[in-house]
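A.B. asks: would you be able to build a 3D model of this:
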Amino acid sequence: MLPRTIKELEEIKNECTKIVNKRASISAVAAVVPLPAVDVGADMALMMNLLNKINRKFGLSPEQIGKLDASVKAQIMVIITSAGSQLAGKLITKKTVSMLLKKIGKRVAVKQVTKYVPIAGQAISASISFAAMKYLGNAHIDECYEICRRMIEEKDRAV
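C.D. replies: Numbering: from 1, shown residues only. All right, here's what the predicted structure looks like:
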């Protein structure tokens with residue numbers, strides 16, 4: 001369900017921020033494992049789960065939007081499109097996450113190389129993994145927040 005008030009929207013944003021921090025921490029732990037591609041696989045699974053969960057929390061999963069009244073659905077799709085969101089209202093797949101990870105490709109490449117340097121390399125790899133997951137998760141929260149804020153404001157103007 002879409003948030004109805006700014007207060008409710010703020011609560012959802014805070015919940016999602018906590019979820020992002022937990023997932024980023026898990027990603028950092030996975031990055032320490034010195035096996036090739038283990039952390040990338042973990043990041044893919046974590047990111048798919050995280051982005052879908054954020055969409056659901058904000059009421060912006062494809063299933064939730066599909067259940068809305070036709071006029072509300074049209075309104076939200078216009079806002080999503082005008083916001084340029086590639087993730088809100090969409091099912092997040094491996095392909096979607098792969099595209100996101102390519103955007104931060106240099107960080108991923110550095111992480112893969114540094115994890116083989118004893119201790120310091122693993123710390124750097126964990127830091128990069130944490131920062132990348134946090135950046136992507138928080139960026140999605142900000143997009144969803146903005147979409148819902150605009151919906152609330154448009155609803156308030158109509159009343």
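A.B. asks: can you list the low-confidence ranges for this structure?
C.D. replies: The model of the chain has pLDDT under 70 over residues 34-40, 101, 103-122, 159.
A.B. asks: buried ones in whichever strand or helix holds Arg149?
C.D. replies: Element membership for Arg149, per DSSP states H and E: helix 120-158. Of the residues in helix 120-158, 121-122, 124-126, 128-138, 140-141, 143-145, 147-152 count as buried by neighbour count, 16 or more other Cβ atoms under 10 Å. Backbone N, C-alpha and C define where each C-beta goes, glycine included.
A.B. asks: one more: stretch 8-23?
C.D. replies: Leu9, Ile12, Lys13, Cys16, Ile19, Val20, Arg23.
A.B. asks: returning to that earlier point: the helix holding Arg149 packs against which elements?
C.D. replies: When contacts are defined as 3 or more Cβ pairs under 8 Å, 6 or more residues apart in numbering; DSSP states H and E, helix 120-158 packs onto helix 6-32, helix 38-57, helix 70-83, helix 105-114.
A.B. asks: out of those helices, which is closest to Arg157?
C.D. replies: For these, the distance to Arg157 is smallest for helix 70-83, at 11.9 Å, taking Cβ to Cβ.
A.B. asks: need the contact list for Val72.
C.D. replies: Leu2 (Cβ atoms under 8 Å, 6 or more residues apart in numbering).
A.B. asks: what does stretch 152-159 rub up against?
C.D. replies: Against stretch 152-159 from outside (Cβ under 8 Å, 6+ apart): Pro3, Arg4, Thr5, Ile6, Leu9, Gln75, Ile79.
A.B. asks: of the residues you listed, select the buried ones using a PyMOL command.
C.D. replies: Selecting only the buried entries of the contacts of stretch 152-159 in PyMOL, with 16+ other Cβ under 10 Å as the criterion:
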select buried, resi 3+9+75+79
